[in-house]
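[1] Output the structure for:
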Amino acid sequence: PDIIPHLKSESQEQTFCWPLSHSTSVHQIRLTRNSSMKFNALAFLAVATAPATAFQPATPLSAVATSGSSLNMVLEKPKKLSKLEILKTQSEHLENPLREQLSTEEISVSKDAMQILKYHGSYMQTNREIRGKNKDYQFMLRLKQPAGELPADLYRLLDDLSANMGQGDLRATTRQCFQLHGIRKGNLKTVISSIMNIGSSTVGACGDVSRNVMTTPAPFNTPEYHYAREWSKVFAQLFRPMTPAFDNIWLDGEKPANEVKWASEVEKYNIDEVMSFDSGRGIILPDSVEPLYGDRYLPRKFKIGVTVPGDNSLDIYTNDIGCVVICNEAGELEGFNVMVGGGMGRTHNKANTFARAADHLGYVPKEDMMELMKSILASQRDHGNRDVRANARMKYLVHTLGIDNFRTLVESYFGKKVQPWREMKEWKYMDWMGWWDQGDGKMFYGLHVDNGRVKDEDDFRLKTALRVLVDKYNVDMILSPTQSLILRDIDPKDKDGIDAVLREHGIKPLEEVDPLARLAMACPALPLCGLAQTEAERKMPEYIGRMRALLDKMNISDEEILMRMTGCPNGCARPYMAELAFVGDGAKSYQIWLGGSSVLEGRTAFPYVAKMKWDDLESTLEPVLAMFIQQKQEFESFGDFCHRVGADAITSYAESYTLGSVKA
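    Below you'll find the predicted structure:
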């Protein structure tokens, strides 16, 4: 079905539930087929029997009457809460049972404590390549760095912590923050408290809350780029968890020595006042600790991105909320274009889970923006699917209702109409690598990092090189959405010196980096990720080399194909937006996805082949490239070509193709 793909085709009727977070009622929609065998997803709301503290929209919605619709709304008895929802409620706002578990002599924590630990920025892991009865537990720690900003003093600290209490390297993620791997349980408190005291954070880097807020990494000194950076920090502060559990556990109840640096940068917005403002429309909950999240937080993780018109360096359509700053001709901020409902995660062989690109919600003036963001979060908080965790992301709520009805739902909290989306310049994809003028007399340098791994290995000594640059030039950095780094605010007189340091430490100049590598991303996968079904980060360099050889063989060396790889279907490296993606679906095998946009705009790729063995890369993709050579339109990218012709046509062509028969 094209409207609700997860409605079972063999069923004449199926019910979908969205429990209200803080009520005794469960709202459900029952969707049935009409005579034309189409499905109608319509707005639902109105609480007939909910208690006074439950969500009460000022303007109740009713089902939208449409010709032939057979939608009926029903209100049924509450379902039993899932174990995870109960755990969140009983955790005393993310403190228990973690506090007790951290004090034991065990090298691990319990399963319940592990779930709560995620909200503090950490996952418990084991090295899956080490066999034996006793697992060697360790912890991955992820920072929260709005806008990807990495001050020099924070890099020094992370460099030291990773060397002394981690596995010796750092990992830049696809959401513009660093991860440290290999931390032992006994060192967690030292590591986290050190990060908190220097003015950074791991709070909410994981868990069912708003995650790290992304933005375009280019540090241009223009009004648009300034507002994108600033408002990413505004949203990070607006949706930060308020529980004292973080200070209680990691700082023994004391406040950090330094407040997070981005808080002071957006102090003028009076964010705490805006956060707690109660319009009476159901956004604010009767919870003195967490007025936006309550004691159950969100149904699932929640991702936000901010950019400027035309700059899609951050994959804006993959976020739960994507915001685009809109300025007038004088460079003054007027408001934001807002998109909703993006997300990458899915599960193999479960058609009711799928990757999704965001829809355009509309335009909102700047003075209403924070209330609009609160309204979207409340819509997901109260109506996201808490019964089935695989369907808990906001993309499923948007998809089920449709963008028009989701907008109506948001407006019931917002109390205003969302204005039409404003026209903008076309999207472009830029990685911002190499040397650029910032526009303020300073320069920045985009430093490509293969798969985000900052390490010293043989003659390649990137980690040491960065420490030399930080100590010598006190250079601040920005982590990019493509797992690379940007050195910012560089005095032009220091350019040659920085180039020399990188060269002396075995770092290739940009012109020697294969364009395929610049465009590629891979998740960490094995050996530490518990969800990985096969390799990703360790396999991607080989696949880049083999793809380069295949393109050269077919005389299309100039083609730049955006490739991504993940070890499982959860989509951490955003594979479903790529022109060509490898998604792990078993030991030494991948699904092949084709047809994403070369500028990452508004669509996902489609599955082409399942269970492609590692050794079958060339024989699988040569027919696709041959068809591209013979049938592409002028200036058509590989992804746009695959999207235009579709999976069936490519499959038919490949079935009759003779290997080696086509070259450009």
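[2] does Ala218 count as helix, strand or coil?
    Classification of Ala218 using DSSP: H, G, I helix; E, B strand; the rest coil returns coil.
[3] what's the answer for the one 10 residues further on, then?
    Using three-state DSSP, the three-state assignment for Ala228 comes out as helix.
[4] which other residues reach stretch 152-170?
    For stretch 152-170, the external contacting residues (C-beta atoms under 8 Å, 6 or more residues apart in numbering) are 138, 143, 178-184, 187, 190-191, 194-195, 198-200, 453-456, 463, 466-467, 470-471, 474-477. Quick note: C-beta positions are derived from backbone N, CA and C, even for glycine.
[5] which residues of the stretch 51-200 of the chain fall in helices?
    83-90, 98-102, 111-119, 152-165, 185-197 (DSSP state H, counting those that start in this stretch).
[6] Output these in a markdown table, with mean neighbour count appended to each entry.
    As requested, these are arranged in a markdown table below (neighbours: other C-beta atoms under 10 Å):
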| stretch | mean neighbour count |
| --- | --- |
| helix 83-90 | 16 |
| helix 98-102 | 17 |
| helix 111-119 | 20 |
| helix 152-165 | 18 |
| helix 185-197 | 19 |
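[7] out of the ones you listed, nearest to Lys303?
    Closest of the helices of the stretch 51-200 of the chain to Lys303 is helix 111-119, at 14.8 Å (criterion: C-beta to C-beta).
[8] got a list of what Gly497 touches?
    Residues near Gly497 by C-beta under 8 Å, 6+ apart: 472-473.
[9] gap between it and Leu479?
    Distance from Gly497 to Leu479, counting by C-beta to C-beta, to the nearest Å: 23 Å.
[10] again with Gln101
    From Gln101 over to Leu479 the distance is 31 Å, taken as C-beta to C-beta.
[11] cool, Tyr657 as well?
    In terms of C-beta to C-beta, Tyr657 sits 42 Å off from Leu479.
[12] For those two, indicate the residue with more neighbours.
    For Tyr657 versus Leu479, the count of surrounding residues by other C-beta atoms under 10 Å is larger for Leu479: 29 against 16.
[13] Could you double-check that that one sits in contact with Pro146?
    No - with contact defined as C-beta atoms under 8 Å, Leu479 does not reach Pro146; the gap is 11.0 Å.
[14] Now that you've got the contacts of stretch 152-170, can you turn the buried subset into something I can paste into ChimeraX?
    One line in ChimeraX is enough to select the buried members of the contacts of stretch 152-170, burial here meaning 16 or more other C-beta atoms under 10 Å:
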select :138,143,178,179,180,181,182,183,187,191,194,195,198,199,200,453,454,455,456,463,466,467,470,475,476,477
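[15] wouldn't Tyr473 be in contact with Asp494 here?
    Yes - using C-beta under 8 Å, Tyr473 is in contact with Asp494, at 5.7 Å.
[16] quick check, Met477 in a helix?
    No - with three-state DSSP as the criterion, Met477 is strand rather than part of a helix.
[17] How about it, nearest residue that isn't a chain neighbour?
    Spatially, and ignoring its direct neighbours in sequence, Met477 is nearest to Leu150 (4.2 Å; C-beta to C-beta, 6 or more residues apart in numbering).
[18] Just give me the neighbour total for the one you found.
    Other residues near Leu150 come to 27 when the count uses other C-beta under 10 Å.
[19] residue contacts, it?
    For Leu150, the contact set (C-beta under 8 Å, 6+ apart) comprises 178, 476-479, 485.
[20] Leu516 and Leu550 touch, don't they?
    No - assessed by C-beta under 8 Å, Leu516 is found out of contact with Leu550, at 10.6 Å.
[21] who has more neighbours, those two?
    Remark: of Leu516 and Leu550, Leu516 carries more neighbours, 19 against 15, as counted by other C-beta under 10 Å.
[22] can I assume that one sits in a strand?
    No - counting by three-state DSSP, Leu516 is not found in a strand; it is helix.
[23] residues in contact with it?
    Here Leu516 is in contact with 544, 547-548, 560-561, 563 (C-beta under 8 Å, 6+ apart).
[24] so the nearest residue to Gly415 once chain neighbours are set aside, which of the three states?
    Leaving aside its sequence neighbours, Gly415 sits nearest to Arg281 (C-beta to C-beta, 6+ apart; 5.5 Å). Secondary structure, three-state DSSP: Arg281 is coil.
[25] how close does Arg281 get to Glu411?
    Taken as C-beta to C-beta, the span from Arg281 to Glu411 is 10 Å.
[26] again, but for Glu636
    Note on Glu636: its distance to Glu411, by C-beta to C-beta, is 40 Å.
[27] neighbour count winner among these two?
    Relative neighbour count places Glu411 above the other of Glu636 and Glu411, with 20 against 15, counting by other C-beta under 10 Å.
[28] Give me the phi and psi for the more buried one.
    Backbone torsions of Glu411, given as degrees, to the nearest 10, read phi -60, psi -30.
[29] Could you verify my assumption that it touches Lys417?
    Yes - here Glu411 reaches Lys417: they are 6.0 Å apart, a contact under C-beta under 8 Å.
[30] Put the alpha carbons of the longest helix seen in the chain into CSV.
    Across the chain, the longest stretch assigned as helix under DSSP state H is helix 638-655. Provided in CSV are the C-alpha atoms of helix 638-655 (Å, rounded to 0.1, in the frame of the first residue of the first chain):
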residue,chain,number,x,y,z
PHE,A,638,24.4,8.1,-11.2
GLY,A,639,21.8,8.4,-8.4
ASP,A,640,19.3,10.4,-10.5
PHE,A,641,19.7,7.9,-13.3
CYS,A,642,18.9,4.9,-11.1
HIS,A,643,16.0,6.8,-9.6
ARG,A,644,14.6,7.6,-13.1
VAL,A,645,14.8,4.2,-14.6
GLY,A,646,14.0,2.2,-11.5
ALA,A,647,14.8,-1.2,-10.1
ASP,A,648,12.9,-3.3,-12.6
ALA,A,649,14.6,-1.8,-15.6
ILE,A,650,18.0,-2.2,-14.0
THR,A,651,17.3,-5.8,-13.1
SER,A,652,16.1,-6.6,-16.6
TYR,A,653,19.2,-5.0,-18.2
ALA,A,654,21.5,-6.9,-15.8
GLU,A,655,20.0,-10.3,-16.5
